[in-house]
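A.B. asks: Predicted model follows, preceded by the sequence.
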Amino acid sequence: MLHFFHGVMGSSKTAQLLMQRYNYQQLGLKVALVKPAIDTRAGVNVVYSRIGLEAKAEIVLDADTPVREQLAWLAVQQAHNTFQYVFVDEAQFLTESQVQELADLADTLEIYCYGLKTDFMGQFFPGSAALLRLAEDIQEVSGSLCWCGRKATMNTRVDADGNVVRTGEQVVIDNHQDFRYIGLCYRHWREGKSHA
Ligand SMILES: [Zn+2]
């Protein structure tokens, strides 16, 4: 089955992914940890959560190679030939065709995708839109709060001075220090208020 767990910035999605993976490993289940190639924050193959948990992705998925081939490669490399569970971090960066492939692979694998639903402009990422169409299990990872104390539902890009940025490329990874991302409630996202 293909699962999509979506949440805004600050909802501890990656921490939840890593804890779920740990629990599975403790049970002796074989899991693969992968991420799309586009996310280079914290190093190419590191799966990093803001609360400090991190792990190495076993595959950084290349968009030009079928996912099936890359998983087969991992099975050979790591004697994971019986792995049954695949965890995908930053799943919003999957391409539409990668999601389509994951949906097909999910006939025989349990695939858990964790990622953002929308970008800083409130638009779907292509990967998230495809996951919302095709995943059989869709759940929200809640817990992120706006500075006002209400539920954060919108991802917001802010510059170094804390100003809300409303234009620009959909993907600007925040390791350049020019931007960071926070979760805001809809009202404060619409008003562009990133703090009290
Ligand atoms: Zn608010």
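C.D. replies: Arrived safely.
A.B. asks: Could I get the contacting residues of the spatially closest residue to residue 192 that is not a sequence neighbour?
C.D. replies: Beyond its immediate neighbours in the sequence, the residue positioned closest to residue 192 (CB to CB, 6 or more residues apart in numbering) is residue 164, lying 4.0 Å away. Backbone N, C-alpha and C define where each C-beta goes, glycine included. Listed by CB atoms under 8 Å, 6 or more residues apart in numbering, the contact set of residue 164 reads 156-158, 189, 192-194.
A.B. asks: This structure: helices as residue ranges?
C.D. replies: 13-26, 67-77, 96-105, 126-134, 186-191 (DSSP state H).
A.B. asks: Briefly note if the last one comes near the ion.
C.D. replies: By that I understand helix 186-191. Yes. Judged by CB under 5 Å from the ion, helix 186-191 comes into contact with the ion at residue 188.
A.B. asks: which strands and helices sit next to that helix?
C.D. replies: In terms of contact count using 3 or more CB pairs under 8 Å, 6 or more residues apart in numbering; DSSP states H and E, helix 186-191 is assigned the packing partners strand 154-159.
A.B. asks: List the strands paired with the strand it packs on, with their directions.
C.D. replies: Neighbouring strands of strand 154-159 in its sheet, by DSSP bridges, are strand 164-165 (antiparallel), strand 179-184 (antiparallel).
A.B. asks: closest one to the ion among the ones you listed?
C.D. replies: Shortest separation from the ion across the strands paired with strand 154-159 is recorded for strand 179-184, at 5.6 Å, computed as CB to the ion.
A.B. asks: pLDDT of the closest one, averaged?
C.D. replies: For strand 179-184, mean pLDDT is 91.
A.B. asks: check whether that strand contacts the ion.
C.D. replies: No. Using CB under 5 Å from the ion, strand 179-184 stays clear of the ion, with a minimum separation of 5.6 Å.
A.B. asks: mind listing what's buried in that strand?
C.D. replies: For strand 179-184, the neighbour count (16 or more other CB atoms under 10 Å) marks 179, 181-184 as buried.
A.B. asks: Residue 118: neighbour count?
C.D. replies: Other residues within reach of residue 118, judged by other CB atoms under 10 Å, total 17.
A.B. asks: So the closest residue to it other than its chain neighbours versus residue 131, what's the distance?
C.D. replies: Of all residues beyond its chain neighbours, the one nearest residue 118 is residue 124 (5.8 Å), with distances taken as CB to CB, 6+ apart. Residue 124 is 10 Å from residue 131, where distance means CB to CB, to the nearest Å.
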